[in-house]
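>>> when you get a sec, could you give me coordinates for this:
(2 chains)
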Amino acid sequence: QMQLQESGPGLVKPSETLSLSCTVSGGSISSSTNYWGWIRQPPGKGLEWMGSIYNSGSTYDNMSLKSRGTIFVDTSKNQFSLKLSSVTAADTAVYYCATGSPGDGMDVWGQGTTVIVSS
Amino acid sequence: QSVLTQPPSASGTPGQRVTISCSGSSSNIGRNAVNWYQHLPGTAPKLLISSNNQRPSGVPDRFSGSKSGTSASLAISGLLSEDEVDYYCAAWDGSLHGYVFGTGTKVTVL
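This is a model prediction of the structure:
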């Protein structure tokens, strides 16, 4: 049974870059055909898809992020990561990593990690 | 602002059937599969329905999904108190080249 666990700083200063990682256990990223994604939920708001990376290496990002987000895989650590640059208070949210089979929904999720952007 | 519109709330008494709608367009629901997620804020969202109407293993058959044209629906029958959480539809949007979530519906069990 695959499991995901997010990690990263709980507090980031405005204008800095947020870096989050998602460690995969119970399976290998390099041998999986799954896609890997990041989703967030700002306080009092709904779920927002941020982007996904596929086994082929193709990535798709939410255009509303205006190219601030980058998703990449580190097979040596069995992790995938998100970097979000030039953060503002609007990036304060609970961040989730998730995975699924191509063509299907995301059926495995991490528990989420809270990130606060504040000086 | 999401391109998939859901009612902000829905309610029912225990045992009743509740239906949640999800309205989209030809670039998302009209040509791509719809997924439904159940979410208690602060916990991991759960995939309830995949590919319009498929229940992943472990999801009770009280939950069912359907799609017609540019709209989709989630039905919860035999409503239980534990169903009192948030529900989101989602689909790939070909115009945005991205995955979009609906606005979310909070279900209340009266």
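>>> count the neighbours of B:Pro14 for me.
Residues near B:Pro14, counting by other Cβ atoms under 10 Å in any protein chain shown, number 11. C-betas here are computed from N, CA, C, even on glycine.
>>> do you know how far it is from B:Glu82?
From B:Pro14 across to B:Glu82, the span is 10 Å (Cβ to Cβ, to the nearest Å).
>>> same question, A:Asp104
25 Å.
>>> bridged to the closest residue to chain A within chain B, which residues?
Proximity of chain B to chain A (Cβ to the nearest Cβ) peaks at B:Asn35, 3.3 Å away. In this entry, B:Asn35 is beta-bridged to B:Ala90, by DSSP bridges.
>>> one step back: of A:Asp104 and B:Glu82, who's got more company?
Set side by side, A:Asp104 and B:Glu82 show more neighbours around A:Asp104, with 16 against 9, by other Cβ under 10 Å.
>>> so the more buried one is in which element?
Counting by DSSP states H and E, no helix or strand carries A:Asp104.
>>> does it really touch B:Ser51, like I thought?
Yes. Between A:Asp104 and B:Ser51 there is a contact at 6.3 Å, judged by Cβ atoms under 8 Å.
>>> please identify every residue contacting each of those two.
Common contact partners of A:Asp104 and B:Ser51 (Cβ atoms under 8 Å, 6 or more residues apart in numbering or on different chains): B:33, B:35.
>>> for chain A, what helix or strand is lowest in average pLDDT?
Sorting the helices and strands of chain A by mean pLDDT, DSSP states H and E puts strand A:59-61 at the bottom, at a mean of 92.
>>> show me what the following helix or strand past that one is packed up against.
Note on strand A:59-61: by DSSP H and E, the next helix or strand toward the C-terminus is strand A:69-74. Strand A:69-74 sits against strand A:35-41, strand A:48-53, strand A:59-61, strand A:79-84, with contacts defined as 3 or more Cβ pairs under 8 Å, 6 or more residues apart in numbering or on different chains; DSSP states H and E.
>>> in the last one, which residues are buried?
Right, the one you point to is strand A:79-84. Residues A:79-82, A:84 are the ones in strand A:79-84 that count as buried (16 or more other Cβ atoms under 10 Å in any protein chain shown).
>>> ok, so of those residues, who is nearest A:Leu11?
Nearest to A:Leu11 among the buried residues of strand A:79-84 is A:Leu84, at 14.1 Å by Cβ to Cβ.
>>> touching, that closest one and A:Arg68? I think so.
Yes. Between A:Leu84 and A:Arg68 there is a contact at 5.6 Å, judged by Cβ under 8 Å.
>>> got the residues of chain A near chain B?
When proximity is defined as Cβ under 8 Å from any Cβ of the partner chain, chain A approaches chain B at A:37, A:39, A:41, A:46-49, A:51-52, A:60-63, A:94, A:96, A:98, A:100, A:103-107, A:109-112.
>>> swap in 10 Å and give it another go.
A:4, A:35, A:37, A:39, A:41, A:43-52, A:60-65, A:94, A:96-98, A:100-101, A:103-112, A:114 (Cβ under 10 Å from any Cβ of the partner chain).
>>> low-confidence ranges in chain B?
For chain B, the stretches flagged by pLDDT under 70 are B:1.
>>> so which residues of it form strands?
B:9-12, B:18-23, B:34-39, B:46-49, B:63-68, B:71-76, B:86-93, B:98-101, B:105-109 (DSSP state E).
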